[in-house]
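Participant: coords please:
(one chain, ligands or ions: 1)
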Amino acid sequence: MNDGPRHGVPAVIHQPDMTRKVAILAESARYDVSCSSSGSRAVRPGAVQGAPAHSGICHSWSADGRCISLLKILYTNVCEYNCAYCINRSDNDLPRATFTVGQLVDLTLNFYRRNYIEGLFLSSAVCRNPDWTMERMVLVVEQLRRVHGFGGYIHLKVIPGSAPELLERAGLAADRLSVNIELPSEASLRSLAPQKTREGVLLPMLRISERIGNIADNRRSFPVRTMKGPLFAPAGQSTQLIVGASPEPDRQILRLAEALYGRFGLKRVYYSGYIPVSQDSRLPALNAPPLLREHRLYQADWLVRFYGFQSAELFDDQHEWLDDQIDPKAAWALRHPDLFPVEANRASLEKLLRIPGIGVRSARRIIAARRFGPLHPEDLKKLGVVMKRARFFVTASGKFWNSTTWDPVRAERVLRGLEKSGTPRMRQLPLW
Ligand code: SF4
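Facilitator: Numbering: from 1, shown residues only. Prediction:
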């Protein structure tokens, strides 16, 4: 296969040197946040380099919370598409570069041997067409696995619209696959990414989830462990949603994420606050990415995945956006004063998990500890409860911690920072 430049694609013809390519394509990959390597415990048979399970899937996280242990890079940033929110859109004037398959394989191995990385996160713009790009990405991953015995973690981005055979090969070689859904509605896709369709994104997601399910069933049916068939995307699939480039409220975004978890068994939905990268009248005029909104969505997403909440519970017609002053669980609790306070010595795990300041671990500790005798307010702190928030909502042996009554108005004032934490309301009154 001819992997080199093609006549008629000038950005590919004038290729920068390797160092410059790495700089360009790593910089262009910076805007994709869906690169967590968590979740894989698989050890690939025959792997002679890289051992994700044995090393505990080494992560490191940058100051802004993003995974940096993988070589996160694009195959190319030459794009035929013109998505309004994207730095790599075809209209943008920026340095362009494209690897060859061999270059990217060598780069990954060199970085791995030097201990710079534990694996690879490979994405790409759409150069020429989805199949051309996807085939080269798949070849990189296949060569790493089959020619070089690379067993490190690989997260491969799927190019929507590429052939199902390429998706199949991708799933057999990579640990995690992801298809970026990008925008929360068909209307926004039409407006901001007219070359993409909702169906084009959802179809590969469906295929991946079906293949993961089929392979898991087949492997379960093998009587002997060593006879088990191949793995398909053993670390599952994820997606990325851009937040703030289009007008959909948080309610719609979280409902979509919940549907994606339920329908396709996604491991993660990554929310990426829109980074203003180009002037376009279709986009909101933001000075900075909406990081607080992104953070609140992650908190709400966590409640849906691990705390038994349904996204519909976190919103109503008056509250379509998550509260920017208080976290989603506290906001929900304050809208349901009739459900509080909860008595820690009697509440079920489900009820404990709904108390602000109580996490999964502390809820389980409460249930374990109360078998040995009744808990008192001071015990909750020792069990890991964040009393700064929980103290308004929970009693132990009928008593609050540092308070006497259930006072949702004061709770809200303190949680919103309108009243000093830990100070009884009486002391706030003027002395004259
Ligand atoms: S296809 Fe991907 S890389 Fe190309 S403009 Fe759209 S979002 Fe950017």
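Participant: Can you pull the residues of the chain lying near the ligand?
Facilitator: Where the chain comes near the ligand, counting by C-beta under 6 Å from any ligand atom, the residues are C79, Y81, C83, C86, N88, R89, A125, V126, A193. Bear in mind the C-beta positions are built from the backbone N, C-alpha and C, glycine included.
Participant: Phi and psi next, for the first one.
Facilitator: Summarising the backbone geometry of C79 under the convention degrees, to the nearest 10, its torsions are phi -120, psi 140.
Participant: surely it meets I87?
Facilitator: No - counting by C-beta atoms under 8 Å, C79 does not reach I87; the two are 9.8 Å apart.
Participant: still on that earlier bit, can you put the residues of the chain next to the ligand in TSV and add neighbour count and pLDDT?
Facilitator: Shown next, in TSV, are the residues of the chain next to the ligand (neighbours: other C-beta atoms under 10 Å; pLDDT from 0 to 100):
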residue	neighbour count	pLDDT
C79	24	97
Y81	15	96
C83	23	95
C86	25	93
N88	23	93
R89	18	94
A125	25	97
V126	24	97
A193	22	95
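Participant: which ones are touching G236?
Facilitator: Under the criterion of C-beta atoms under 8 Å, 6 or more residues apart in numbering, the contact partners of G236 comprise G39, R176, I212, G265, L266, K267.
Participant: so the residue of the stretch 201-350 of the chain found nearest the ligand is in which element?
Facilitator: Minimum separation of the stretch 201-350 of the chain from the ligand (C-beta to the nearest ligand atom) falls at I242, amounting to 9.0 Å. I242 is part of strand 237-243 when elements are defined by DSSP states H and E.
Participant: got it, and E199?
Facilitator: Element membership for E199 (DSSP H and E) is helix 198-221.
Participant: Compare the contacts of G236 and tell me which has the most neighbours.
Facilitator: Of all the contacts of G236, the highest neighbour tally under other C-beta atoms under 10 Å goes to R176, namely 28 neighbours.
Participant: so what's that residue bridging to?
Facilitator: Applying DSSP bridges to R176 gives these bridge partners: H155.
Participant: State the distance from it to A216.
Facilitator: Spatial separation of R176 from A216 under the definition C-beta to C-beta, to the nearest Å is 15 Å.
Participant: and what of D250?
Facilitator: When distances are taken as C-beta to C-beta, D250 and A216 turn out to be 33 Å apart.
Participant: likewise L418?
Facilitator: With distances taken as C-beta to C-beta, L418 is found 51 Å from A216.
Participant: Show me which of those two is the more surrounded one.
Facilitator: Using other C-beta under 10 Å as the criterion, L418 and A216 rank with A216 on top: 13 against 10.
Participant: related to what we said a few turns ago, check contacts around the residue of the stretch 201-350 of the chain closest to the ligand.
Facilitator: I242 makes contact with Y85, E182, L183, S272, G273, Y274, according to C-beta under 8 Å, 6+ apart.
Participant: Dump these into a markdown table; add neighbour count as well.
Facilitator: Written out in a markdown table, the entries for those read as follows (neighbours: other C-beta atoms under 10 Å):
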| residue | neighbour count |
| --- | --- |
| Y85 | 24 |
| E182 | 23 |
| L183 | 28 |
| S272 | 22 |
| G273 | 19 |
| Y274 | 22 |
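Participant: center of the chain - which residue?
Facilitator: The chain has Y270 as the residue nearest its centroid, 2.7 Å off, counting by C-alpha atoms, centre = their mean.
Participant: so what pLDDT did that residue get?
Facilitator: Listed pLDDT for Y270 reads 93.
Participant: Run through the bridge partners of it.
Facilitator: As assigned using DSSP bridges, the partners bridged with Y270 are Q240.
Participant: Just to check, it is in contact with Q237?
Facilitator: No - taking C-beta under 8 Å as the contact criterion, Y270 and Q237 are not neighbours in contact, 11.7 Å apart.
Participant: which residues of the stretch 201-350 of the chain fall in strands?
Facilitator: Secondary structure of the stretch 201-350 of the chain by DSSP state E, counting those that start in this stretch: the strands cover 237-243, 268-273, 342-343.
Participant: okay, these, which one's buried deepest?
Facilitator: For the strands of the stretch 201-350 of the chain, the largest average neighbour count (mean count of other C-beta atoms under 10 Å) is found in strand 237-243, namely a mean of 24.
Participant: next one: it to chain centre, how far?
Facilitator: In terms of C-alpha atoms, centre = their mean, to the nearest Å, the gap separating the centre of strand 237-243 from the centre of its chain is 6 Å.
Participant: The chain should start at 46 in everything you say after this.
Facilitator: Okay, residue one is now 46; in that scheme the one you just asked about reads as strand 282-288.
Participant: Since that was my last question, I'll sign off now.
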